[in-house]
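J.: Sequence first, predicted coordinates after that:
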Amino acid sequence: QKEVEQDPGPLSVPEGAIVSLNCTYSNSAFQYFMWYRQYSRKGPELLMYTYSSGNKEDGRFTAQVDKSSKYISLFIRDSQPSDSATYLCAMSAIQGAQKLVFGQGTRLTINP
Amino acid sequence: GAVVSQHPSRVICKSGTSVKIECRSLDFQATTMFWYRQFPKQSLMLMATSNEGSKATYEQGVEKDKFLINHASLTLSTLTVTSAHPEDSSFYICSASSRTVSPYEQYFGPGTRLTVT
């Protein structure tokens, strides 16, 4: 079993839709949860960072962590064509920028 | 700010030769650099972590004699794939971190596509 599972998609939605991206994990030691966005032929860039359980909102993006279910989500409201990218969840048991374990990535396309 | 570059972006080499990939932090000093590889439709897999001036720490299953990592300065790390074989063909991505820039973020380079023929 992989430590982090993420549906690779692809996921295609119309512009303006609410997008839900999810990851599950098996390692209960994970405390730090991140979402990265990766455009084609570019390196990943950090979108959201959360510690432990709870919600975090940043503009059109909301990250949710449910440690009891070992489940994290990223919601994108009012999705735009520029949001089309691959979204990777990442997790770590160690504080600081160390030892990230990534999900497979979900390829998202927002259709105008 | 916090830009990381990689060179080359693409490289094709023959089986048995060695290839060097450079990773540079352009506008900050990186105390730690990381090397990942990514196969098509798979996640980034951490290969090794290196701190400036120290030997790299390799993840389980990664051959340190095959993937030589040098972190000679606070802005440069290199990955050398020695005696490359077709199964080494992959997308290699580096990242860098610095507590003075962010306590929890890794900044990723654009990646290097290696093809071994």
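T.: Sure thing, it's come through. Numbering: from 1, shown residues only, chains lettered A, B, ... in the order given.
J.: Quick check: residues of chain A near chain B?
T.: Selection of chain A residues close to chain B by Cβ under 8 Å from any Cβ of the partner chain yields A:4, A:6, A:8, A:32, A:36, A:41-46, A:49, A:88, A:95-105. For every residue, glycine as well, the C-beta is placed using N, CA and C.
J.: Give the buried residues for stretch B:70-82.
T.: B:71, B:74, B:75, B:76, B:77, B:78, B:79, B:81 (16 or more other Cβ atoms under 10 Å in any protein chain shown).
J.: The residues you listed also near chain A: which ones?
T.: Applying Cβ under 8 Å from any Cβ to these, one finds that nothing falls near chain A.
J.: which of those sit farthest apart?
T.: Within the buried residues of stretch B:70-82, two members stand farthest from each other by Cβ to Cβ: B:74 and B:81, at 23.6 Å.
J.: Indicate the residue of chain B located nearest to chain A.
T.: residue B:108 (3.2 Å; Cβ to the nearest Cβ).
J.: Show the contacting residues for that residue.
T.: Residues in contact with residue B:108, defined by Cβ atoms under 8 Å, 6 or more residues apart in numbering or on different chains, are A:36, A:43, A:44, A:45, B:4, B:93, B:94, B:95.
J.: Among those, which are located in strands?
T.: Helix and strand membership here follows DSSP state E; of the contacts of residue B:108, those in strands are A:36, A:45, B:4, B:93, B:94, B:95.
J.: on that earlier part again, looking at the contacts of residue B:108, which gets the smallest pLDDT?
T.: The pLDDT minimum for the contacts of residue B:108 sits at residue A:43, where the score is 87.
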